[in-house]
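[1] Okay, here's the prediction I keep looking at, along with the sequence it came from:
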Amino acid sequence: MDLKLDNIAEAAKVIDPVFLSSPQYSDEQLNEQLGRNVLVKIETLNPLRSFKGRGADYFAAGLEPGTTMVCGTSGNFGQAVAFAARKRGLRAEVFVPADVSPVKLRRMKALGARVRRVEGEAKEAAAAFAAEAPDRVFVVDGREPAISEGAGTIGLELAGAGTIDTVVLPVGDGALIAGVALWLKAHTPDVQVVGVGTTSARAMATSWRAGEPITVDRVNSFAGGISIRTPEPESIRRLRSLVDDFVLVEDDDLRAAMRLGAETLGVLPEPAGAAGLAALTVHDTIPGDRVATVVTGANAVWPREW
């Protein structure tokens, strides 16, 4: 295991406090809807409206002044890189797919990143650009240990709420679930860790079961934050060691979970951000009397009828 508990503890002291100590609580309306006690952590009340700032800021803290951070992203990680780079006196070059969410595109630009829209895989274009100059660092969400360790501070905070039987987390590149699972399993060995993906983007679930990266084309990018095509090998190795089960939800399940979050928590999650709630709604085989999940993001284009 290349992730370190000591680094997660350090990250909790290094990361910008604006991302730390996010609200976590049990809501009676939500508990009634789901038929169990659910601890919910809200990672949307920060300048990025997502959890991604934790990992990006911890990674950026270790870079030399003058470095350019380069990444390929569907949006939320690009915002995090832009924020961390500006704060640490670095530069950010973010490559995004042509159909990137306009909300995320505007926010990346507002945070100071130079954003390049490309056809095809944004990550490949970013890698090629980064290789052209020595002061450019290609940052891969899901590959870099520091990003998972920064996200692992969520696990540190969840552990402070008492015993958790099961934690249910959205999984895109795997940085979040790896960091959280490492911390929780070290302090509560019996905890079960369940990842959530979508039927429209099965790459991570398929790769986790196979034990190696499997490329699976996305049907759509409705849940862009967890809709990857080819997982990183490092991420698969971590998840095989730390994740106990993996479930999938439909796009309609995500839509219903978004409404559930709005109606019970007063939080409007993006589709990927609602994946944990969706899994707890449709998969009654997920074990545990007290479960935890994280609303991971709220950067969405809302339907007019909402």
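    Arrived safely, thanks for sending.
[2] Isn't residue 208 up against residue 235?
    No - Residue 208 is beyond contact range of residue 235, at 9.2 Å (criterion: C-beta atoms under 8 Å). Every residue, glycine included, has its C-beta placed from N, CA and C.
[3] quick one, which of those two is more surrounded?
    residue 235 (26 against 23; other C-beta atoms under 10 Å).
[4] Once you drop chain neighbours, what's closest to that one?
    residue 174 (3.7 Å; C-beta to C-beta, 6 or more residues apart in numbering).
[5] what residues are up against that neighbour?
    142, 148, 195, 204, 231, 232, 235, 236, 238, 239 (C-beta atoms under 8 Å, 6 or more residues apart in numbering).
[6] From the residues you listed, which land in helices?
    Among the contacts of residue 174, the members found in helices (DSSP state H) are 148, 204, 235, 236, 238, 239.
[7] What is the most widely separated pair among these?
    Longest distance between any two of the ones in helices among the contacts of residue 174 is 14.2 Å, between 148 and 204; criterion C-beta to C-beta.
[8] CA-only coordinates of stretch 107-123 in PDB, if you can.
    Output in PDB follows, covering the C-alpha atoms of stretch 107-123 (Å, rounded to 0.1, in the frame of the first residue of the first chain):
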ATOM      1  CA  ARG A 107     -15.800  28.100 -12.600                       C
ATOM      2  CA  MET A 108     -12.400  26.700 -13.700                       C
ATOM      3  CA  LYS A 109     -11.800  29.900 -15.700                       C
ATOM      4  CA  ALA A 110     -12.900  32.100 -12.800                       C
ATOM      5  CA  LEU A 111     -10.400  30.300 -10.500                       C
ATOM      6  CA  GLY A 112      -7.600  31.300 -12.800                       C
ATOM      7  CA  ALA A 113      -6.900  28.200 -14.900                       C
ATOM      8  CA  ARG A 114      -6.100  28.200 -18.600                       C
ATOM      9  CA  VAL A 115      -8.700  25.800 -19.900                       C
ATOM     10  CA  ARG A 116      -8.400  23.900 -23.200                       C
ATOM     11  CA  ARG A 117     -11.400  22.100 -24.600                       C
ATOM     12  CA  VAL A 118     -10.400  19.100 -26.700                       C
ATOM     13  CA  GLU A 119     -12.000  16.400 -28.700                       C
ATOM     14  CA  GLY A 120     -11.200  12.900 -27.500                       C
ATOM     15  CA  GLU A 121      -9.600  12.100 -24.200                       C
ATOM     16  CA  ALA A 122      -8.600  15.200 -22.200                       C
ATOM     17  CA  LYS A 123      -6.100  13.200 -20.100                       C
END
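[9] List phi and psi for the residue nearest to residue 235.
    Dihedral pair for residue 174: phi 100, psi 0, per degrees, to the nearest 10.
[10] again with residue 290
    The phi/psi pair for residue 290 (degrees, to the nearest 10) reads phi -130, psi 110.
[11] Equivalent analysis for residue 94, please.
    Torsion angles, degrees, to the nearest 10, at residue 94: phi -120, psi 120.
[12] Also residue 167?
    Note on residue 167: its backbone torsions stand at phi -120, psi 130 [degrees, to the nearest 10].
[13] Quick check, it in contact with residue 292.
    Yes - with contact defined as C-beta under 8 Å, residue 167 and residue 292 form a contacting pair (4.7 Å).
[14] Could you say which helix or strand holds residue 39?
    For residue 39, the host element (DSSP states H and E) is strand 37-42.
[15] Can you name the residues in contact with that strand?
    Strand 37-42 has contacts (C-beta under 8 Å, 6+ apart) with 22-27, 30-31, 154, 157-158, 161, 164, 265, 267, 277, 280, 289-295.
[16] Filter these down to the buried ones.
    Those of these that meet the buried threshold are 22, 24, 27, 30, 154, 157-158, 164, 265, 267, 277, 280, 291-295, by 16 or more other C-beta atoms under 10 Å.
[17] how about the strands of the stretch 151-300 of the chain, start to end?
    166-170, 192-198, 245-249, 290-295 (DSSP state E, counting those that start in this stretch).
[18] May I see the ones you listed organised as a markdown table, with mean pLDDT and distance to residue 75 added?
    As requested, the strands of the stretch 151-300 of the chain are exported to a markdown table (pLDDT from 0 to 100; distance: least, C-beta to C-beta, whole Å):
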| stretch | mean pLDDT | distance to residue 75 |
| --- | --- | --- |
| strand 166-170 | 98 | 14 |
| strand 192-198 | 97 | 16 |
| strand 245-249 | 97 | 20 |
| strand 290-295 | 98 | 17 |
